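Visitor: sequence plus predicted model, see below.
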Amino acid sequence: MSSLDNPTSTLPIGPVHVALEEPMYFRLDVEGETVRGVELTAGHVHRGMEALALRRTLFQNIVLTERVCSLCSNSHPFTYCMAVENLAGIPVPERALYLRVMAEEIKRVSSHLFNLAVLAHIIGFKSLFMHVMEVREIMQDVKETLYGNRMDLAANCIGGVKYDMDAELTRFLLSSLDRVEGAVRKIAKIYGSDVMILRRTRGVGLFGREDARGLAVVGPVARGSGLPLDVRREAPYAAYPRLSFEVVTEQDGDVHSRAMVRMREMEVSIDILRQCARDLPAGPLSVLLPEIPAGEALARSEAPRGELVYYLRTDGTETPNRLKWRVPSYMNWDALGVMMKDCKVSDIPLIVNSIDPCISCTER
Amino acid sequence: MFGFLKILAANVAKGPSTDPFPFVESPAPKRFRGKVRLNPALCVGCAICRHVCAGGAIHIAGRPDGSGYDFTLWHNTCALCGLCGHYCPTGAISMSSDWHSAHPQTEKYDWCERHFVPFLACEGCGEHIRPLPSALTGRIYADNDVDEAHLARLCPQCRQLETALHLGRNGHEDHKRA
Amino acid sequence: MKTTSGPDPRLLHGLETLSLKGGFHWTEDRTGNRFYWFRLDASEGLTRAAELLAAFEARMCTVTAYDPAREHGRTRHEIAYHFACAGTMVTVTVPLFEGTRSVPSITPHFRNADWNEREFMELYGINVVGHPNPRRLFLDETLDRGIMNRVIPVSVLMSGASSTDLWERILGGRGAEAETPGAGETEERA
Amino acid sequence: MKKLIATLSARSPWLYRINAGSCNGCDVELLTTACIPRYDVERLGCKYCGSPRHADIVLITGPLTARVKDKVLRVWDEIPEPKVTVAVGICPVSGGVFRGGYSIEGPLDKYLPIDINVPGCPPRPQAIIEGVIKARDVWRARIGG
Amino acid sequence: MNDILPALFHMLVFPGGLFAVAAGLLLKGLDRRVEARLQRRVGPPLLQPVFDLIKLAGKETLIPATANRAAFLTAPLIGFTGMAVCAALIPVSGAYSGLAGMGDMLVLFYLLPLPAIALMVGGSASSSPFGALGFSREMCLMLAYEIPLLAVLLAVAMRVGAAVGGGAELSLSAVAAHQIAHGQFIADPVMWPAFIAYLLFLPGTMGVPPFDVPEAETEIIEGPLLEYSGPALGFFHLTSALKSVVVLGLGVAMFFPAPVPGGAFVNVLWFLCKCAGLMLVSLTVVKSATGRFRVDQAFTFYLRYPAPLALASLILVWQGA
C-alpha cells in the first residue's frame, strides 16, 4: 500500500543491526513494504573453531565447545563429552546422567524464555519483553547459584559432571521452578490471547509440513510445523530413557505456533526437572578416565533449538584428529527462504527470530 | 492488551525490582565462578592447570637462580570455566566469588594473579625442590606411619629412597615378628 | 521408550554392497542407540548411496571432511556423510585417494547438503561436482581456500593459545622465561 | 560552567553495542543489562540506542572475526565524538579461548582505542554496569568535567 | 507595537517558547518515569530529558556523505518552528486565553503535521534506505490519523458554534470560554466518541506504540532518525517535547479547559496536571500495554475505530442532539 515510489529497491539489513542479536547480512529486494527476494551472507561469526579444536586437548575442548554459543552452551560440551564417552566406552555414573539432564533442561527453559522475550521486543512490546526477561532472571539466578555462571554452566566433564546437588540447592531449585511455572502459565496466556501478538504472529512466516520434511529442519521449527522430531525421544540418551515427557507439536507452521511450541516445552522441561530432582540416584559424579583410544564416534542430543550432532575422530594422541559439530540452526536457515516469501519488511525480524537462529553456532 | 494491564497494575503495586547495585554492593552466590585465586602454600607446580586451560591464561616459569617459580594467571583471557580448579590435585586453585572485573585499558596487562612459590633445599641431597603440601602427603601416606613432614621436604628421588627404606625396615620387623 | 526400530534391512544391505570389503560395522552407545558405519569403494558409489538413502527417507544430518593422517606435506581426505534413519545414525565414508580433490554433489537427493558441501569446499579445498551454488559460505575472502589442510606442528599442539609475545607484556620483565619446573610433575602424573 | 555542562552531560550516556563475532554470551548479558528492570541502567541516565549515531558509550563483544572487522570499524567510525569504548568479555580484550584462530583478527585494541575492559566469560551484569560507570567517568573527563 | 510585544512574549516565553519547552521536557521525564514504574523499574530522574539535550548539544553532527546537506539540516528546524508557533495558540485557562484571532484551530490542524513532515524530509534527505521506508510509513500513518483529528476538531467547533449561533467556532479561546461558561465537553455524552477518538489519535501523532511504525527500532532502526546525531537530533527531541505539550494542551482546551479558583500560577500548574493526566492515560499506559502494529494494520485501525467514532460525534452535533 505504500509503494508510492519505485517498484523494487534494495534494502540491506545487517550485519550490525539491532533486531539481530548477532551479525548476519540480509539483502532484500523490496517492493514498497513487501519482500520479493532474500539473499544472505553469513560468516561474520566464523571463528574457525573446528581448526582451533584440533589444537586443543580433549579437556580444553570441553571449554572451547561451550563457547560455540552461549544460549545453548550446555548442549555443546554435553554432546561433545558424550562423543568422547561413546568413543572410549566410558560408563558415566547414573547420578551424573540425571545431573546432566538437569543442566540441559535448565538451559532449555532460559533459552526459550529468551527467544520469546525477543519476540516481544521485535514487535515493540517493551513491557512484555521486560516481563519475560524478568522471569528468565529467576532461571539465571538458578544457574548462577547452582553452577556459578549465568550463561556458561561448565557442568560437564568427560566421564561425568563437575558439580553436585545437595538438599539445600534442590530446595532452592524446586522453589524457583514453582515461581517460573506460575509465571510461564501467565505468559502463555498472554501470548495465546493478546490481540497485538496474535495479529503480528498468526499466519506470518508460514512453513508447511512438507517443506519442513524436505528441508530437514529440526527442533521447534519442525515441531511447529507438526513434525514430532525430538532426539530425546528418537534416540534417548543420558537419563531421558527413564523420564517421562511429551513431545510438543503445533500444526499451523507460523511464527505463533513456533512460539507456542517453545512455550509448552518450558512446562515439559520444568516437569522433567522435577522428576530429576525427585529420582536423583546416589553415587559418584564422574569416573576415572581411561586412555582415549584411536577411533571415531558420533553423539546426538536435543539442544533448545533442535538436534545437535557431534562427530569426533581421535588418533590416540591428546588432541582430536577431527572434531565436527552440526548445530540445529544450520538446518533451519534455509527455511527462511520459504518463510520470507512475499512477507512484509516489518515481519522479517519476527520470522528470523522464530527459527531462533543461532549464528555463532552455525558459523563456528 | 487488557490482560496485560493487569500485569502492569501488579508491577506498580509490587514496586521496582531493580538491584540497587551501583549504590549497594551486590554479593554473588557461594558457587559463583569469579576471579581465579591461587593458594601458593598448596601449589606444587605440576602445571596440570596450564595443561587444561583453554584460554591459555596460566604461565608458570622457574626463576633462573633456582629459588622458586612464578605463577601468573592473566584474568583477561581466563574463561572462568573452573577446569584448573577441578583438576588441581592439591586444591591450590579455586574460584573466588569476586566478580569485579571492570578496569581501565592502562591496567590491561596488570590484571593478573601473581605468586612467587619458593623452592626449599631437599633435606636429603640439598637440591632445590618444591616441598609437597601436607594435604597431599596426608593423602598419599594415609596408610603408612611415616614422618610425613620430613618426606614432604625431600626431593622425589630421596623420598623414594626414604619410603623404600622405611618399608624395608617395617617389612623386616614384621617378618621378624612373624 | 524408543519409538523407532532402526533402519530397513534392505537399506543396510544395499549400502553394504556398495562398501569396501569389510567396510561395514556398527557400534552402540550405553543407551543402546546404534551407529552404522560404511566405507564406500569409491566416490562414484556416493551418488548411488545417496539415492538409496533418499529412497528410504533418511535425513541428512551433516557431512564431515577430514584428513585422517595429518602428515606433513601430504593431504589425503575422507568425507563422512552422516544420516539419521529411523532413529539411528548411518555414516557413509568416502575415502578420496591422494591427489583426488573432487566428489559428486548429493544435493539432488538431499536439498540441505548445499551448505555442508560448500563448507568442505572452502575449508578443505575439495571440489564438488554439480553443486548448484558453489560460493564461499563462512570463510572470508581474505583467507585461503583449504585452510584446514595446513598441518599443525605437534609442538604448538599443547598450549596453542599462548604466545610468548603476549606473556612478555604480561610478565613485564618479572621472572625471565624459563621452562616449567620439573618438581612435582612426576608425582602428579602418577 | 564548562564543568557543569560536562557533569550534566555525563548523566546521559547512551549505549550502543557492537557484536564483533561473539558467542552470544556477552551479547545477551549486555542486552539483559541494558534493557531489563532488574539492572535498569536508565536510572543512571543510560539509554540503549539502535543507531550508532546516537551513541556515547559503545560496548563491543566478540573476538573480531575476519569478516566482521571492516564492518565493526566502520560502524565505530560512525559514532560521533566524543565517545568511550568498552570491551566486554575476554574475547575483545585478548581473544580469549579463540586466540590464535585463523579467522580471528583481534584483540580489539590493535584497531580501536579501548578505554575500559570488562573481562569475564561472560561478565556478570553488575560487572557490565560497573564498566559503564567507569566509562562514564572517562567520558566526563574527556568532555572537560 | 502594542500588539506585537505581548504576541512575542506569548511566542517566546509563555505559553509558547520557554514555558512549552520546559513543560514538554518535564512531561517527557514524567512519562519515562511512570513507564519505568509500570515495568518494575526505578527509571531515570525527572530531568533526564534535559540532561539528554545538554549532552546532544555538545556532540558532533555527522552528515552522511550521500545526504542532501541543506534539507538534512533544515528538517529539524521546520518541525521545531512549527511547534513553537502552535504552542503559543494553546489557551491555559485562568492564565492565558490564547492568541486573539479567529480560526486558530485550523492553523493548528495545518501546523500539527509539521514535525512528521520534518521527519519525512530528514529521512529522505539522509538517503538511507531505512529513512526512505520511514518516509513512506510516516506518510501512510499521517493520512490515517489526520482524518479522525479533522472530525474531532469539527465536532468541537460545531458544538460550540451551534451554541453561539450556528456555524463552526474555530477559535480555541472561544471554545475554552464556552466550556467554562456552559460545562465541559468531557461531561457531554455527545462528545464522548470524539474524546475517545482524540485519545486514540494521540499515540499516533506522538509516534509511540502501537503506532511507532515510522521509527520502529527493531525493524528499520529508528528510520528517519537513524542518521541524525548531536544537536540536530536534539532538535527532533525538542520538537517532540513541544508537540506533546501542543497536542495534550489542545485536548485539554477542547474537552476539559475549566480553571480552578486561585491565581494564574495555580492554574498553570492545574493545566500541567491535566496535560499529565491526559498523557498518562493516552500515551504512557497505552504504550506500555501494547506492541507495534504493522503499518497496514495501523492504517486500518485508524479508519476502523477513531474515524467512525469522531464522525459519530460530528453527526450527533450536526443533528443537534
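Guide: On my side now, so go ahead.
Visitor: span of stretch C:49-64 from start to end?
Guide: Stretch C:49-64 has an end-to-end distance of 16 Å (Cα to Cα, to the nearest Å).
Visitor: show me how far it is from its chain's centre.
Guide: Mean C-alpha position of stretch C:49-64 versus that of the full chain (Cα atoms, centre = their mean, to the nearest Å) differs by 16 Å.
Visitor: check whether that stretch comes near chain A.
Guide: Yes. Interface with chain A: stretch C:49-64 contributes C:59-62, C:64 (Cβ under 8 Å from any Cβ of the partner chain). Just so you know, the C-beta spots here come from the backbone N, C-alpha and C atoms, and that holds for glycine as well.
Visitor: nearest to residue A:45, of those?
Guide: Sorting those by how near they are to residue A:45, with Cβ to Cβ, puts residue C:62 at the top with 18.5 Å.
Visitor: show me what that closest one is bridged to.
Guide: residue C:82 (DSSP bridges).
Visitor: and the gap between it and chain B?
Guide: 24 Å (Cβ to the nearest Cβ, to the nearest Å).
Visitor: what's the pLDDT at that residue?
Guide: Looking at residue C:62, its pLDDT is 88.
Visitor: now for it, how many residues are close by?
Guide: For residue C:62, the count of nearby residues is 26 (other Cβ atoms under 10 Å in any protein chain shown).
Visitor: who touches it in this structure?
Guide: A:309, A:311, A:324-326, A:330, C:82, C:116 (Cβ atoms under 8 Å, 6 or more residues apart in numbering or on different chains).
Visitor: and residue C:25, helix, strand or coil?
Guide: Here residue C:25 takes the strand state, with states given by DSSP: H, G, I helix; E, B strand; the rest coil.
Visitor: what residues are up against it?
Guide: By Cβ under 8 Å, 6+ apart, residue C:25 lies in contact with C:36-37.
Visitor: and it, what's its pLDDT?
Guide: Residue C:25 is given a pLDDT of 85.
Visitor: for it, which residues make a bridge with it?
Guide: Beta-bridge partners, per DSSP bridges, of residue C:25: residue C:37.
Visitor: separation between the spatially most central residue of chain D and residue A:271?
Guide: Nearest to the mean C-alpha position of chain D, counting by Cα atoms, centre = their mean, stands residue D:59 at 1.3 Å. Relative to residue A:271, residue D:59 is positioned 38 Å away (Cβ to Cβ, to the nearest Å).
Visitor: one more: residue C:141?
Guide: 49 Å.
Visitor: I'd like the next helix or strand past the longest helix seen in chain A.
Guide: The longest helix of chain A (DSSP state H) is helix A:94-122. Using DSSP states H and E, the next helix or strand after helix A:94-122 towards the C-terminus is helix A:126-147.
Visitor: next, the angle helix A:94-122 makes with that next one.
Guide: 160 degrees (axes from the mean of the first three to the mean of the last three Cα atoms, to 10 degrees).
Visitor: about what we covered before: check contacts around the residue nearest to the centre of chain D.
Guide: Counted by Cβ under 8 Å, 6+ apart, residue D:59 has contacts D:15-18, D:30, D:86, D:88, D:128, D:131-132.
Visitor: same question for residue A:320.
Guide: A:53-54, A:58, A:61, A:312-314.
Visitor: what's the following helix or strand after the helix or strand containing residue B:37?
Guide: Using DSSP H and E, residue B:37 falls within strand B:36-38. Going down the chain from strand B:36-38, the next helix or strand is helix B:48-52, by DSSP H and E.
Visitor: got the confidence number for residue C:54?
Guide: 86.
Visitor: show me the contacts for it.
Guide: Contact partners of residue C:54, counting by Cβ under 8 Å, 6+ apart, are C:109-110.
Visitor: what does the one 10 residues further on give?
Guide: Residues counted as contacts of residue C:64 (Cβ under 8 Å, 6+ apart) are A:311, A:313, A:322, A:324, C:79-80, C:82, C:120.
Visitor: try 10 Å
Guide: For residue C:64, the contact set (Cβ atoms under 10 Å, 6 or more residues apart in numbering or on different chains) comprises A:50, A:296, A:298, A:309, A:311-313, A:322-326, C:78-82, C:91, C:93, C:116, C:119-120.
Visitor: pick out the residue of chain D closest to chain A.
Guide: residue D:25 (3.1 Å; Cβ to the nearest Cβ).
Visitor: check the burial of residue B:113 by counting its neighbours.
Guide: 18.
Visitor: what's the closest non-adjacent residue to residue E:297?
Guide: Nearest residue to residue E:297, sequence neighbours excluded (Cβ to Cβ, 6 or more residues apart in numbering or on different chains): residue A:199, at 6.2 Å.
Visitor: what's near enough to touch the one you found?
Guide: Taking Cβ under 10 Å, 6+ apart, one finds A:123, E:210, E:291, E:293-294, E:297, E:301 in contact with residue A:199.
Visitor: could I get the one helix or strand it maps to in PDB with only the CA atoms?
Guide: Taking DSSP H and E as the definition, residue A:199 sits inside helix A:195-201. C-alpha atoms of helix A:195-201 as PDB (Å, rounded to 0.1, in the frame of the first residue of the first chain):
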ATOM      1  CA  VAL A 195      -4.600  -9.200  20.300                       C
ATOM      2  CA  MET A 196      -1.400  -7.400  19.400                       C
ATOM      3  CA  ILE A 197       0.700 -10.600  19.500                       C
ATOM      4  CA  LEU A 198      -1.900 -12.600  17.600                       C
ATOM      5  CA  ARG A 199      -2.200 -10.000  14.900                       C
ATOM      6  CA  ARG A 200       1.500  -9.900  14.400                       C
ATOM      7  CA  THR A 201       2.300 -13.600  14.600                       C
END
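Visitor: show me which residues of chain D are close to chain C?
Guide: By the rule Cβ under 10 Å from any Cβ of the partner chain, the part of chain D lying against chain C is D:65-70, D:94-103, D:105, D:107.
Visitor: for residue 113, what are its contacts?
Guide: Reading this off chain A. With contact taken as Cβ under 10 Å, 6+ apart, residue A:113 is in contact with A:132-140, A:180, A:183-184, A:187, A:262-263, A:266.
Visitor: think we crossed wires, I meant chain D
Guide: Going by Cβ under 10 Å, 6+ apart, residue D:113 touches B:105, D:76, D:83-85.
Visitor: number of residues surrounding residue 106?
Guide: No chain was given, so I picked chain A. Residue A:106: 25 neighbours (other Cβ under 10 Å).
Visitor: my bad, chain E
Guide: 14.
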